[in-house]
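# how does the following fold in three dimensions:
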Amino acid sequence: MLKIGIAGFGFMGRMHYRCWRALAGATVTAVCDADPRAFEDSARNRGNIAGAEGDVDLSGVTVYRGFEEMIRQEPLDAVSITLPTCLHAGAAIAGLEAGLHVLCEKPMALSLADAERMIEAARRTGKTLQIGHCIRFWPEYAKAKQLVDAGEYGPVVAATFQRLSATAARKAGTWFLDEPRSGGMLLDLHIHDTDFIQYLFGTPRAVFSSGATGPGGRLAHIVTRYRYDDGKLVTAEGGWAMMPPFGFAMRFHIVLERATIDFDYQRTPRLRLCPAEGDAIVPACDSGDGYSHQIAHFARRVGGESVPEVITPGQAWDSLRIVEAERESARTGQEVRIEKRTWDTPGETTP
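Numbers count the residues shown, from 1 in each chain. Here you go, the predicted structure:
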């Protein structure tokens, strides 16, 4: 039985708690949060996706105010880190050095240097470090990758991804809007699609981005073209400046030579395959959501099972690098090239 600790008990901490509690072979024995209100008030922590609302039963779970105290006193096997982004690197490294496996929420860190320190700590300690890029595990996105990789409908001609929310209005005054703590819209929201594009197509050779700023001059909306050598047109739009009645949207369209893959989170059915001939098909997808699937994958890894490679620390580092190139392109109005980085083994860098 894996003994799990959760660091941070806001919306995402509650989501991880729900997923771990539902997983056979694991038990949450401790949680920590510096804010005692985190254990009392769930409504303020709600995010874009349902699944973490409402009260939670913490009977039998030890509650701590500090992460270091929790990992020092509790006999844990692994920790879920769902703290503000500015705390990811420090907590992940401390957990790894305490001999724990670490599942750290995305984005990996605020800087490439901090992300590399995390990779080095995992390599040094021999413990598993997995970054929570849940979209790679989201059933409809995972099915889309299967369809693209199979090649039955030909190569990709174009693909567009969209992720829009009212975060700026709904979370005013929270750490999400404090860019030095969260990384802002790019790292909190848009990186989901940047990471999936990298997963689907590999690292682009360049990006060209246009952005719009919100209050305080912070980037609030972005549109990026990801350039690939085979000429396919790949774009993504992200923004969190929508007004509250809008809610949340995540969508994509992948145009193949002989079919179109179409997804809309707010529609039923969410995923459709539209072939060149015949009616639209509703592909069979796994049940559940990306959060539960990524946690199950992590549990299998740390439990010693052989599992398919879905996300490595090195790939999470690459997604952070691509987003930083997008930030620079939006700032300068120029295309930014991305030099490929060689990784010795998954998650490890060449000296």
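# where along the stretch 251-351 of the chain do the strands fall?
Using DSSP state E, counting those that start in this stretch, the strands of the stretch 251-351 of the chain run over residues 259-264, 271-275, 336-337.
# most tightly surrounded among the ones you listed?
strand 259-264 (a mean of 19; mean count of other C-beta atoms under 10 Å). Quick note: C-beta positions are derived from backbone N, CA and C, even for glycine.
# what are the C-alpha coordinates of the helix or strand containing Ile197, in CSV please?
In this assignment (DSSP states H and E), Ile197 forms part of helix 191-201. The C-alpha trace of helix 191-201 is given here as CSV (Å, rounded to 0.1, in the frame of the first residue of the first chain):
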residue,chain,number,x,y,z
ILE,A,191,1.2,25.5,-21.3
HIS,A,192,-1.4,22.7,-21.4
ASP,A,193,-1.7,23.0,-25.1
THR,A,194,1.9,23.8,-25.8
ASP,A,195,2.8,20.6,-23.9
PHE,A,196,0.3,18.5,-25.9
ILE,A,197,1.5,19.9,-29.2
GLN,A,198,5.1,18.9,-28.2
TYR,A,199,3.8,15.4,-27.2
LEU,A,200,1.9,15.1,-30.5
PHE,A,201,4.4,16.6,-33.0
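# just checking, what packs against it?
With contacts defined as 3 or more C-beta pairs under 8 Å, 6 or more residues apart in numbering; DSSP states H and E, helix 191-201 has these neighbours: helix 139-150, strand 156-165, strand 219-227, strand 233-239, helix 313-332.
# of these, which approaches Cys285 most closely?
The closest of the helices and strands packed on helix 191-201 to Cys285 is helix 139-150. By C-beta to C-beta, the value is 4.0 Å.
# gap between Leu110 and Thr125?
From Leu110 across to Thr125, the span is 22 Å (C-beta to C-beta, to the nearest Å).
# with Glu74 instead?
18 Å.
# okay, now the unreliable bits of the stretch 251-351 of the chain?
By pLDDT under 70, the weakly predicted segments of the stretch 251-351 of the chain are 343-351.
# quick one: Arg10 and Phe39 touch, right?
Check again: residue 10 is Gly, not Arg. No: using C-beta atoms under 8 Å, Gly10 makes no contact with Phe39, being 10.6 Å away.
# who's more crowded, these two?
For Gly10 versus Phe39, the count of surrounding residues by other C-beta atoms under 10 Å is larger for Gly10: 23 against 15.
# report pLDDT for the residue nearest in space to the middle of the chain.
Centre of the chain computed as the mean C-alpha position; nearest residue by C-alpha atoms, centre = their mean is His133, 2.8 Å away. On pLDDT, His133 comes in at 98.
# could you list the domains of this structure?
As given by automatic domain parsing, the domain ranges for the chain are 2-133+294-311, 136-286+317-337.
# pick out the shakiest of those domains, pLDDT-wise.
Looking at the domains of the chain, the weakest mean confidence is domain 2-133+294-311, a mean of 91.
# coming back round to it: check contacts around the residue nearest to the centre of the chain.
By C-beta atoms under 8 Å, 6 or more residues apart in numbering, His133 lies in contact with 106, 192, 195-196, 199, 294, 311, 316, 319.
# ok, it to Val234 distance?
18 Å.
# rewinding a little: contacting residues around the helix holding Ile197?
Contacts for helix 191-201 (C-beta under 8 Å, 6+ apart): 106-107, 133-136, 141, 144-145, 148, 156, 159, 161-163, 204, 224, 226, 228, 232, 234, 236, 238, 250, 252, 311, 315-316, 318-320, 322-323, 326.
# now do the buried residues in that helix.
Neighbour-count burial for helix 191-201, counted by 16 or more other C-beta atoms under 10 Å, picks out 191-201.
# and stretch 108-120, by the same measure?
Neighbour count says stretch 108-120 has 108-110, 114-120 buried, by 16+ other C-beta under 10 Å.
# just put these in TSV and tack on secondary structure and distance to Ala220.
Below are these laid out as TSV (DSSP: H, G, I helix; E, B strand; the rest coil; distance: C-beta to C-beta, whole Å):
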residue	secondary structure	distance to Ala220
Met108	coil	22
Ala109	coil	22
Leu110	coil	18
Asp114	helix	24
Ala115	helix	24
Glu116	helix	29
Arg117	helix	30
Met118	helix	28
Ile119	helix	31
Glu120	helix	34
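# kindly indicate which of those lies nearest Glu277.
Nearest member of the buried residues of stretch 108-120 to Glu277, counting by C-beta to C-beta, is Met108, at 43.3 Å.
# pretty sure that closest one sits against Met118.
Yes: counting by C-beta under 8 Å, Met108 does reach Met118; the two are 6.6 Å apart.
# give me the common contacts of those two.
Counting by C-beta under 8 Å, 6+ apart, the contacts common to Met108 and Met118 are 88, 313.
# run a quick neighbour tally on Gly99.
Gly99 has 12 nearby residues by other C-beta under 10 Å.
# next up, identify which helix or strand it is on.
Here Gly99 is assigned to no helix or strand, by DSSP H and E.
# distance of it relative to Thr268?
Distance, Gly99 to Thr268, by C-beta to C-beta: 46 Å.
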